[in-house]
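Trainee: please find the sequence and the predicted model below.
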Amino acid sequence: MPDDLDDLARELRALATHLDVPDAADQRAAVRARLAQPAPRRRWFPSVKVRPLPGRRWIVAVVAALIALVAGIAPARAAVVDAVGGLLRIAGIEVRQEPAPRGLPTDPSPLPSVRTGSLDAARRVALFPVLVPDKLGAPERVELGDPDPSGAPRVVTLVYRGGTVRLDEFDGRVSPFFFKSAPEAQWVEVAGADAIWLPQPHPVTYVGRDGVERVETARLAGPTLIWTSGDLTYRLEGFADLEEARTVAVSLR
């Protein structure tokens with residue numbers, strides 16, 4: 001083996017005499033010119049922080065961060081939950097964090113064309129599933145409000161405890177038709193989703209199918225929890241304790 005290597009070395013040296021190799025270029029001037037140039041400016045994304053990761057993982061991290069940033073401001077989400085300039089919005093309901101301009105009304109006005117019926121009847125005519133909270137059981141009374149020409153109610157209300165507890169259910173895809181003014185309104189969560197908690201009595205403005213505004217009080221018990229599930233919006237009144245109201249909310253079946 002050593003003899004073979006010696007033969008190879010001799011052949012390579014002999015070959016070198018037949019090769020035309022140019023002189024090495026002086027790179028010092030090019031390097032100095034490159035160092036004299038200002039460093040390129042980097043773009044700044046205020047909500048995205050990128051940490052060096054091995055291989056291609058940093059690319060995946062950047063893409064994921066950008067997706068999260070876009071999702072946070074997407075118009076689709078704004079149609080369901082929003083909070084801008086003291087306005088809290090959940091599908092079908094808008095709450096302004098401000099005192100009521102006229103205070104609490106003394107003569108509440110009910111929903112238009114409201115009528116009572118059984119739970120089975122409400123489930124037959126409503127255009128959305130009517131659910132019942134397990135924690136409260138069967139309602140004492142069921143109200144069907146603001147029906148369309150076919151008799152389908154816009155809002156179904158389950159009444160408990162002599163009217164001190166009420167649960168409104170309606171399709172949240174419809175343009176907001178409940179408006180509230182409550183400076184203490186705050187964001188909370190129900191089953192990991194955004195919800196609004198109003199701990200004090202507050203006026204409620206309901207816009208009927210006819211476009212007429214109706215203002216009523218907070219129906220005996222002021223505190224209200226508002227949340228959504230799928231396309232439906234729920235409004236639970238009558239529990240002064242947020243945790244108790246949340247327990248009822250997550251028990252809907």
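Mentor: Cool, got the structure.

Trainee: for the rest of this, base every contact and every neighbour count on C-alpha atoms.
Mentor: Noted.

Trainee: so where's the stretch 101-250 of the chain shaky on pLDDT?
Mentor: Judged by pLDDT under 70, the stretch 101-250 of the chain has its weakly predicted residues at 101-109, 175-176, 216-221.

Trainee: for it, which segments count as helices?
Mentor: The residue ranges that make up the helices of the stretch 101-250 of the chain, judged by DSSP state H, counting those that start in this stretch, are 119-125, 242-249.

Trainee: which of the ones you listed sits closest to Val188?
Mentor: Val188 sits nearest to helix 242-249 of all the helices of the stretch 101-250 of the chain, at 9.2 Å, using CA to CA.

Trainee: quick one: list the elements packing against the closest one.
Mentor: Applying 3 or more CA pairs under 8 Å, 6 or more residues apart in numbering; DSSP states H and E, we find helix 242-249 packed against strand 224-229.

Trainee: relative to helix 242-249, how tilted is the strand it packs on?
Mentor: With axes from the mean of the first three to the mean of the last three CA atoms, to 10 degrees as the basis, strand 224-229 and helix 242-249 are set at 40 degrees to each other.

Trainee: what pairs with strand 224-229, parallel or antiparallel?
Mentor: Strand 224-229 has its sheet partners listed here by DSSP bridges as strand 193-198 (antiparallel), strand 232-237 (antiparallel).

Trainee: show me the contact partners of the last one.
Mentor: Read that as strand 232-237. 90-92, 128, 164-173, 218-219, 221-228, 245, 249 (CA atoms under 8 Å, 6 or more residues apart in numbering).

Trainee: tell me the bridge partners for Asp168.
Mentor: Thr157, Arg235.

Trainee: OK, contacts around it?
Mentor: By CA under 8 Å, 6+ apart, the residues touching Asp168 are 155-158, 234-236.

Trainee: name the nearest of the residues you listed relative to Val207.
Mentor: Val155 (11.8 Å).

Trainee: near Ala195, how many other residues are there?
Mentor: The burial count assigned to Ala195 is 21, neighbours taken as other CA atoms under 10 Å.

Trainee: and it, bridged to which residues?
Mentor: Note on Ala195: beta-bridge partners Val188, Trp227, judged by DSSP bridges.

Trainee: and the gap between it and Glu140?
Mentor: When CA to CA, to the nearest Å is applied, the distance between Ala195 and Glu140 equals 26 Å.
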